[in-house]
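**Q** coords below, sequence missing:
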């Protein structure tokens, strides 16, 4: 596939496909978008006209289209596993949005399908690709703040109704389609990020996962979780759809020599404050937000395409997606039982 354009089909034509996947594929000269599929035909047709592609109302038709090498799965969460597995069985590489599945069993089935097909399976946890998080991981690994002792991370905004294509009546608020609310939309991002930054697994959790405010739907709109890592560090993860107004996407890591603030300052997106009085400031770009309109590249599409091109494992594999999903599943169980839960790895 060295000199051939990679043919792509995008399944689901909502906001994530419109603002992230489609424009980022189109920006690559070595990729051609061949098809869009959506259960609402007009959505697929709108994007198909824009990118000179075909439109389908059933994903099976897109998978059967000649020339399709890879697929982006941008559907409601409950459809991630069945569509991903179907695409892999059809011999396509797959980039699946997060959370990758609604259960560990589904996640394992997706990974097994990728292994059997010999195809790339990548999960869209874009936060670990952001330059500020890559820089912060390097500083932590270099021991700048010493041994990590605790942390707090938050992803909070006013809710998906303001930017999703379906608004307040959309699938985000329907448990049958979404599986979870703020924890699937936001919390899983931060579970994945903490795993990435610290380079270790979260092994035990406690949590409150609640529906506090949104009048629509039957999913959680707020969650506050306590996480414990394999090395014994403890911290909090907050996910909220009731952050009125604006967005909080910051992470703080506290160590034996000082602490690091990530995404807390609009100019210096990474800052270190050390016990010896030293301060370090890094301008490495702001984190993508929904407020920014999704216009800056996420890095996910480039990483996926390069993995296909070079026949190398993707930076966010199915197993990585599964381990981050496991944290969310454990938090849901902890909230339900009001007991600490081990993370099933």
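**A** Great, that's in hand. Keep in mind that this is a model prediction, so the values were computed, not measured.

**Q** what number of residues are in the vicinity of residue 338?
**A** Counted with other Cβ atoms under 10 Å, residues neighbouring residue 338 total 9. Quick note: C-beta positions are derived from backbone N, CA and C, even for glycine.

**Q** for the stretch 201-345 of the chain, what are the low-confidence residue spans?
**A** Regions of the stretch 201-345 of the chain meeting the criterion pLDDT under 70 cover residues 289-296.

**Q** from residue 16, how far out is the nearest residue to residue 18 once chain neighbours are set aside?
**A** The spatially closest residue to residue 18, leaving aside those adjacent along the chain, is residue 47, at 6.6 Å (Cβ to Cβ, 6 or more residues apart in numbering). Counting by Cβ to Cβ, to the nearest Å, the gap from residue 47 to residue 16 is 12 Å.

**Q** so the residue nearest to residue 18 sits against residue 17, correct?
**A** Yes: judged on Cβ atoms under 8 Å, residue 47 makes contact with residue 17 at a distance of 6.9 Å.

**Q** which residues are in contact with each of the two?
**A** In the contact map built from Cβ atoms under 8 Å, 6 or more residues apart in numbering, the residues linked to both residue 47 and residue 17 are 10, 36.

**Q** between these two, point out the one with more neighbours.
**A** Comparing residue 47 with residue 17 by neighbour count (other Cβ under 10 Å), the higher total belongs to residue 17, at 26 against 21.

**Q** next, the contact list for that one, please.
**A** Going by Cβ under 8 Å, 6+ apart, residue 17 touches 10, 36, 47, 72, 74.

**Q** can I take it that the third one is in a strand?
**A** Pointing back at residue 47 there. No: assessed by DSSP: H, G, I helix; E, B strand; the rest coil, residue 47 does not belong to a strand; its assignment is helix.

**Q** tell me how far it lies from residue 68.
**A** 15 Å.

**Q** domain parsing for the chain?
**A** Domain assignment for the chain, taken from automatic domain parsing, gives 6-126+298-316, 127-296+325-342.

**Q** secondary structure class for residue 212?
**A** Applying three-state DSSP to residue 212 yields a three-state assignment of coil.

**Q** next, the contact list for it, please.
**A** Contacts of residue 212 by Cβ under 8 Å, 6+ apart are 221-222, 242.

**Q** count of neighbours near residue 200?
**A** Here the number of neighbours of residue 200 (other Cβ under 10 Å) works out to 14.

**Q** pull the contacting residues for it.
**A** If a contact means Cβ under 8 Å, 6+ apart, then residue 200 has 229-231 as its contacts.

**Q** including neighbour count and distance to residue 193, could those residues go into JSON lines?
**A** Conversion of the contacts of residue 200 to JSON lines gives the following (neighbours: other Cβ atoms under 10 Å; distance: Cβ to Cβ, whole Å):
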{"residue": "229", "neighbour count": "20", "distance to residue 193": "13"}
{"residue": "230", "neighbour count": "13", "distance to residue 193": "16"}
{"residue": "231", "neighbour count": "13", "distance to residue 193": "17"}
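
**Q** in strands, which of the residues you listed appear?
**A** Where the contacts of residue 200 overlap with strands, as defined by DSSP state E, the overlap consists of residue 229.

**Q** adding secondary structure, pLDDT and distance to residue 127, write the contacts of residue 17 out as TSV.
**A** Listed next are these as TSV, based on DSSP: H, G, I helix; E, B strand; the rest coil; pLDDT from 0 to 100; distance: Cβ to Cβ, whole Å:
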residue	secondary structure	pLDDT	distance to residue 127
10	strand	99	21
36	strand	98	26
47	helix	98	25
72	strand	98	18
74	coil	98	17
